[in-house]
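Asker: Pasted the sequence and its predicted model underneath.
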Amino acid sequence: MKTIAFYLPQFHEIPENNKWWGEGFTEWTNVKKAKPLFEGHYQPRVPLNNNYYNLLDDNKTWKWQIDIAKKYGVYGFCVYHYWFNGKLLLEKPMENWLEDKSLDFPMCICWANESWTNGWVSDDNKVLIENNFKDKEDWVKHFNYLLPFFKDDRYIKVDGKPLFGIYVPDIMGSVVNKFVKCWKKMAVESGLPGLTIFFQSVRTFMNQGSKYDCYDYGIEFQPGFGKIKKQNKIENLKIKYFPHISKILQKRFHIYLHKKKQECTVRNYDELWESIISAKPYNDRMFPGAFVDWDNTARKGNSGDLYFEATPEKFEKYMTTQIKRAREVYKKDYLFLFAWNEWAECGYMEPDEKYRYGYLEALKNALDNNSEFPEWK
């Protein structure tokens, strides 16, 4: 089973973050300011031995992460990539991986194509940097930037075709089909056998239409997908349409709909996991997902939400079942995990002060618990 963990590269300074969020900002800034909101709430999260690493440290952190990922059974990372019409953000860690061939670990890329806003700290949800998806010349420039990654022997491929994700295809509108076809054509023209493209967005799964036929796969991105499956239709319609309506009103009329909640939402970790492992695949092109934990109150404070009482022991139990289901129900040998290092959302496999290597050990045990099952053919 190839377990691929999503990877956040926002653990180094960039000028834009310093401008928008304050001098010295990295993801650790949010992590360190977190506070417990009620008795038993596990915050703040502290990395083991206070390892508040910097990803621009001559690849020392890359090497450490790769060593422990290999040891405990993580197959590869799916690294978020930020491209805004030729403007790159947080690109240096992956560029360092590409240049340093000693970093022998599989990687793939997911384009986090949403606009950046100040919604973490403000009710106005002001757009900081935005994408225009209709510029066909930009499609070509973007592909050519990524081509050296796609051609690298370490890059994750399915049937020889590089695996590439789009985080929220919904916001690309009617151009998404043409964009995907363009990139697949360019891949072949560049000497690759093709391109394997998946979509990741939770909202996408509520839209059943021909415009998604261009994708090879979709990911049941957890815990968001499991949460939506449990919600009623009205709540899901809000998730589906509110971002588009809010964006139009803000851009054209300077009207802001975004209002923060006054208290955090607490959900049950076991209930969500039970929903995940009892659900049937949306269709035969879905990759199954899993999640370590979720708590974004480090970013959002009282307006955040969390799953209560997560432990390595529970994670091992549910992962053991999900790995088995990946083979027997989904007929897949890939499983996507939230996440390797989403510290401000508490989705991380890296060791912390409370559980140390507990979640990594849980993953290895879950894989070992499935060792008697034959390899999927």
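Answerer: Everything's here; your move.

Asker: residue boundaries of the strands in the stretch 201-350 of the chain?
Answerer: For the stretch 201-350 of the chain, applying DSSP state E, counting those that start in this stretch gives strands covering 217-219, 265-268, 286-287, 289-291, 305-308, 334-338, 341-342, 347-348.

Asker: List phi and psi for the closest residue to residue 135 other than its chain neighbours.
Answerer: Nearest non-adjacent residue to residue 135, counting by CB to CB, 6 or more residues apart in numbering: residue 85, 6.3 Å away. Where you see a C-beta, it was placed from the backbone N, CA and C, and this is true even at glycine. The phi and psi torsions at residue 85 (degrees, to the nearest 10) take the values phi 50, psi 50.

Asker: give me every residue that touches residue 85.
Answerer: The contact partners of residue 85, taken as CB atoms under 8 Å, 6 or more residues apart in numbering, are 131-132, 135, 138.

Asker: Would you show me how to pick out the buried ones of those in PyMOL?
Answerer: Only the buried entries of those go into this PyMOL selection, using 16 or more other CB atoms under 10 Å:
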select buried, resi 131+138
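
Asker: Centroid-nearest residue for the protein?
Answerer: The chain has residue 6 as the residue nearest its centroid, 4.6 Å off, counting by CA atoms, centre = their mean.

Asker: so what's that one closest to, chain neighbours aside?
Answerer: Spatial nearest neighbour of residue 6, excluding adjacent residues (CB to CB, 6+ apart): residue 339 at 4.2 Å.

Asker: I'd assumed residue 113 was in contact with residue 164.
Answerer: No - counting by CB atoms under 8 Å, residue 164 stays clear of residue 113, with 11.7 Å between them.

Asker: The two: which is more packed in?
Answerer: residue 164 (26 against 22; other CB atoms under 10 Å).

Asker: Can you tell me the SS state at the more buried one?
Answerer: strand (DSSP: H, G, I helix; E, B strand; the rest coil).

Asker: measure it to residue 108 for me?
Answerer: Residue 164 sits at a distance of 7 Å from residue 108 (criterion: CB to CB, to the nearest Å).

Asker: quick revisit: pick the most buried one from the strands of the stretch 201-350 of the chain.
Answerer: Neighbour counts (mean count of other CB atoms under 10 Å) averaged over each of the strands of the stretch 201-350 of the chain peak at strand 289-291, with a mean of 26.

Asker: Show me what counts as buried in stretch 4-19.
Answerer: Across stretch 4-19, burial judged by 16+ other CB under 10 Å covers 4-12, 14, 16-17.

Asker: same question, stretch 134-145
Answerer: Neighbour-count burial for stretch 134-145, with 16+ other CB under 10 Å as criterion, is recorded at 138-139, 142-143.

Asker: Using JSON lines, lay out those residues together with pLDDT, distance to residue 354 and secondary structure.
Answerer: Converted to JSON lines, these look like this (pLDDT from 0 to 100; distance: CB to CB, whole Å; DSSP: H, G, I helix; E, B strand; the rest coil):
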{"residue": "138", "pLDDT": "97", "distance to residue 354": "45", "secondary structure": "helix"}
{"residue": "139", "pLDDT": "98", "distance to residue 354": "45", "secondary structure": "helix"}
{"residue": "142", "pLDDT": "98", "distance to residue 354": "41", "secondary structure": "helix"}
{"residue": "143", "pLDDT": "98", "distance to residue 354": "43", "secondary structure": "helix"}
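
Asker: and of those, the nearest to residue 370?
Answerer: Set against residue 370, the nearest of the buried residues of stretch 134-145 by CB to CB is residue 143 (37.2 Å).

Asker: Am I right that that closest one is in contact with residue 180?
Answerer: No - using CB under 8 Å, residue 143 makes no contact with residue 180, being 11.2 Å away.

Asker: how about the helices in the stretch 1-150 of the chain?
Answerer: Secondary structure of the stretch 1-150 of the chain (DSSP state H, counting those that start in this stretch): helices located at 15-21, 27-33, 60-72, 92-99, 136-151.

Asker: Distance to residue 327 added to those helices, as TSV?
Answerer: Below are the helices of the stretch 1-150 of the chain laid out as TSV (distance: least, CB to CB, whole Å):
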stretch	distance to residue 327
helix 15-21	41
helix 27-33	34
helix 60-72	20
helix 92-99	29
helix 136-151	28
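
Asker: Just name the most buried of these.
Answerer: helix 27-33 (a mean of 18).

Asker: contacting residues around it?
Answerer: Outside helix 27-33, the residues within contact range by CB under 8 Å, 6+ apart are 8, 10-11, 21-22, 44-45, 52, 120, 298-299, 343-344.
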